[in-house]
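Peer 1: based on what follows, work out the 3D shape:
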Amino acid sequence: MSDTAPALIWFRRDLRLADNAALTAAAAEGRPVIPVFVLDPETEALGAAARWRLGLGLAELTRSLEARGLRLVLRRGEARRVLGQLAADTGAGALHWTRLYDPASVARDTKVKAELRADGLDTVSHPGHVLFEPWSVQTGTGEPYKVFTPFWKAVRGRGQDPALPVPDMRPPTRWPAGDRLEDWELEAGMNRGAAVVAPFTAVGEQAARGRLSAFLHHHLESYAQDRDRMDRPATSRLSENLTWGEISPRTVWHAGWQAIEEGRPGAEAFLRELVWRDFAWHLLHHFPALAERNWREDWDAFSWRGDSEEAEAWRRGMTGEPMVDAAMREMYVTGTMHNRARMIVASYLTKHLLTDWRIGRAWFEDCLVDWDPASNALGWQWTAGSGPDAAPYFRVYNPALQAQKFDPDGRYRHRFLAGFGPGRTHGDALSYFDAVPRSWGLTAETPYPEAPLIGLKEGRERALAAYGTLRD
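Peer 2: Down below sits the predicted model:
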């Protein structure tokens, strides 16, 4: 194939130019490159917040490409058909992309690779969404790891190749037609909430690197002891950017490892959390049903409740349990939720309210701008008790005790919960009423519940009784 035949670069969750192996490989062939994004049925299925955030990322990627004399070609439809048509229209000789590992993406990509190769197109997938390919980390017996700590020990000493620079790329002599991003209306599901959440986002490659730099300079040393403190800005907030591939995990790894070599406190704890993300993808790859079925089959007999008025109160941040409600409202205002808060609200839904974890997982999928199919599936199952977990006991987080420990002065609750604590209500607490669906009928004048849905002691005892029945 002539080196004048362009290469298609199929962007998905790798919205960056630096350390993008697919882009680098295509450019190294000397071909003109045609960046492409396909709004296929798998992508259409994203939740409202994720679709909106994707749109922001695509707009920023478009600007980055245009600064280098390139375009992002947007097409809508089934991936195999769209990419095949683009290859035919442009005379492309190759198609490159970064691998994904969730079941829907694997099925789609396998079909694309097989059918387009049969049509004579050179199709190549590349690593880059995780640090370690899921099949490259195995126990001594050749099995996938099922517990995090051994997984961490197995990869901690592994090296990482240097991050790749932005390659030199040349445009094609003729650009194919594409859709306009605004015509996709990716923001439609967010409605009025988009304006509330937007100030809390950091979109694009440059913003992601700025976020990493700020964290390393200001918060790394205190990360190990403060990362669970919901009232302190102690975390990197890079989950949003890692989700959309606006920064590579390898770039973050090298920055963290340099801090370890410099003897900086907090660096090891930070890298463990980065590897936890890898562990989640490792599990989802080897156990594709993780997001839909109980990891532990015996939990199929647990007396989960389906959707209910109580679950709806949880969704609306109106349970009457301040810690839980503040956390849920943080999600509507910022598009994300502190990791400790995620565990608290997940435990409350699945333990105190005995509600099926899949109901909570689906709601997070719709509301989080950093929604990640692997991390969220693992997080919900881990907290519910049905997932991979070495703990020999049944966890039931007490929201009040968690608040005392990780929000001792009530600053987090005051920030997101109107009417909580002394002094003037924080603006973010009021923003919640501007972000939630109008159909909920909630305003700043809506009274907060006078009593919680269930007493914390009563809820704990009920959950333990249900667990006891399962064990029996």
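
Peer 1: how close does the closest residue to R237 other than its chain neighbours sit to R340?
Peer 2: In space, and not counting its chain neighbours, R237 is closest to R211: 6.0 Å by C-beta to C-beta, 6 or more residues apart in numbering. For every residue, glycine as well, the C-beta is placed using N, CA and C. With the distance defined as C-beta to C-beta, to the nearest Å, R211 ends up 19 Å from R340.

Peer 1: for the host helix or strand of the residue nearest to R237, packing partners?
Peer 2: Per DSSP states H and E, R211 falls inside helix 205-218. Counting contacts by 3 or more C-beta pairs under 8 Å, 6 or more residues apart in numbering; DSSP states H and E, helix 205-218 packs against helix 48-66, helix 239-243, helix 249-261.

Peer 1: grab the nearest non-local neighbour of P265.
Peer 2: E221 (4.9 Å).

Peer 1: you'd agree the one you found is up against E262?
Peer 2: No - E221 is beyond contact range of E262, at 11.0 Å (criterion: C-beta atoms under 8 Å).

Peer 1: those two: which is more packed in?
Peer 2: Per other C-beta atoms under 10 Å, whichever of E221 and E262 has more neighbours is E221, with 15 against 8.

Peer 1: can you give me the helices for the stretch 101-250 of the chain?
Peer 2: For the stretch 101-250 of the chain, applying DSSP state H, counting those that start in this stretch gives helices covering 103-118, 148-156, 181-184, 193-197, 205-218, 223-226, 239-243, 249-261.

Peer 1: out of those, flag the one nearest R80.
Peer 2: Closest to R80 of the helices of the stretch 101-250 of the chain, according to C-beta to C-beta: helix 103-118, at 4.9 Å.

Peer 1: from the chain's centre, how far out does the closest one sit?
Peer 2: What separates the centre of helix 103-118 from the centre of its chain is 23 Å, taken as C-alpha atoms, centre = their mean, to the nearest Å.

Peer 1: which parts of that helix count as buried, going by neighbours?
Peer 2: By neighbour count on 16 or more other C-beta atoms under 10 Å, the buried set for helix 103-118 is P103, A104, S105, R108, D109, V112, K113, L116.

Peer 1: same question, stretch 185-204
Peer 2: Neighbour counts using 16+ other C-beta under 10 Å place 186-187, 189-190, 193-194, 196-198, 200-204 of stretch 185-204 among the buried residues.

Peer 1: got the contact list for it?
Peer 2: Contacts to stretch 185-204, defined as C-beta atoms under 8 Å, 6 or more residues apart in numbering, come from residues 15, 47-49, 51-57, 59-61, 63-64, 208, 210-211, 237, 240-241, 246, 332-336, 366, 369, 431, 434-438.

Peer 1: now the end-to-end length of that stretch.
Peer 2: End-to-end distance for stretch 185-204, by C-alpha to C-alpha, to the nearest Å: 19 Å.

Peer 1: so the host helix or strand of W380 versus helix 103-118, what angle?
Peer 2: Here W380 sits within helix 373-384, counting by DSSP H and E. Computed with axes from the mean of the first three to the mean of the last three C-alpha atoms, to 10 degrees, the direction of helix 373-384 lies at 160 degrees from that of helix 103-118.

Peer 1: so how far is the helix or strand that helix 373-384 is followed by from its chain's centroid?
Peer 2: For helix 373-384, the succeeding helix or strand toward the C-terminus, using DSSP H and E, is helix 399-406. The chain centroid and the centroid of helix 399-406 are separated by 25 Å, computed with C-alpha atoms, centre = their mean.

Peer 1: list the helices and strands helix 399-406 packs on?
Peer 2: In terms of contacts (3+ C-beta pairs under 8 Å, 6+ apart), helix 399-406 is packed against helix 322-334, helix 339-347.

Peer 1: show the average pLDDT along the longest one.
Peer 2: In other words, helix 322-334. In this model, helix 322-334 carries a mean pLDDT of 98.

Peer 1: got the contact list for R108?
Peer 2: Listed by C-beta under 8 Å, 6+ apart, the contact partners of R108 are D40, E42, A79, R80.

Peer 1: now do the buried residues in stretch 7-15.
Peer 2: By neighbour count with 16+ other C-beta under 10 Å, stretch 7-15 contains the buried residues A7, L8, I9, W10, F11, R12, R13, D14, L15.

Peer 1: CA atoms of that stretch as CSV?
Peer 2: This file holds the C-alpha atoms of stretch 7-15, laid out as CSV (Å, rounded to 0.1, in the frame of the first residue of the first chain):
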residue,chain,number,x,y,z
ALA,A,7,-4.5,6.2,8.1
LEU,A,8,-7.7,6.5,10.0
ILE,A,9,-7.2,7.1,13.7
TRP,A,10,-10.4,6.0,15.6
PHE,A,11,-10.6,8.0,18.8
ARG,A,12,-12.7,6.7,21.7
ARG,A,13,-11.6,7.1,25.3
ASP,A,14,-8.2,8.5,24.3
LEU,A,15,-8.9,12.1,23.6
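
Peer 1: so A87: helix, strand or coil?
Peer 2: Recorded secondary structure, A87: helix (DSSP: H, G, I helix; E, B strand; the rest coil).

Peer 1: I should have written V369 there, sorry.
Peer 2: coil.

Peer 1: mean neighbour count and distance to D298 for the helices and strands packed on helix 399-406 - can I get that in CSV?
Peer 2: Output for the helices and strands packed on helix 399-406, formatted as CSV (neighbours: other C-beta atoms under 10 Å; distance: least, C-beta to C-beta, whole Å):
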stretch, mean neighbour count, distance to D298
helix 322-334, 27, 28
helix 339-347, 22, 20
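
Peer 1: export the ones you listed as a markdown table, with columns for distance to W257.
Peer 2: Putting the helices and strands packed on helix 399-406 into a markdown table (distance: least, C-beta to C-beta, whole Å) gives the following:
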| stretch | distance to W257 |
| --- | --- |
| helix 322-334 | 29 |
| helix 339-347 | 22 |
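
Peer 1: among those, which is nearest E143?
Peer 2: helix 339-347 (27.6 Å).

Peer 1: hang on, E310 packs against L353?
Peer 2: Yes - at 5.1 Å, E310 counts as touching L353 under the criterion of C-beta under 8 Å.

Peer 1: overlap in contacts of those two?
Peer 2: Contacts common to E310 and L353, judged by C-beta under 8 Å, 6+ apart, are L453, I454.

Peer 1: for the nearest residue to Y223 once chain neighbours are set aside, grab phi and psi.
Peer 2: Ranked by C-beta to C-beta, 6+ apart and with sequence neighbours excluded, the top spatial neighbour of Y223 is G266, at 3.6 Å. For G266, the backbone dihedrals (degrees, to the nearest 10) come out as phi 90, psi -20.

Peer 1: where in this protein is pLDDT low?
Peer 2: Counting by pLDDT under 70, the chain contains low-confidence ranges at 1-3, 390-393.
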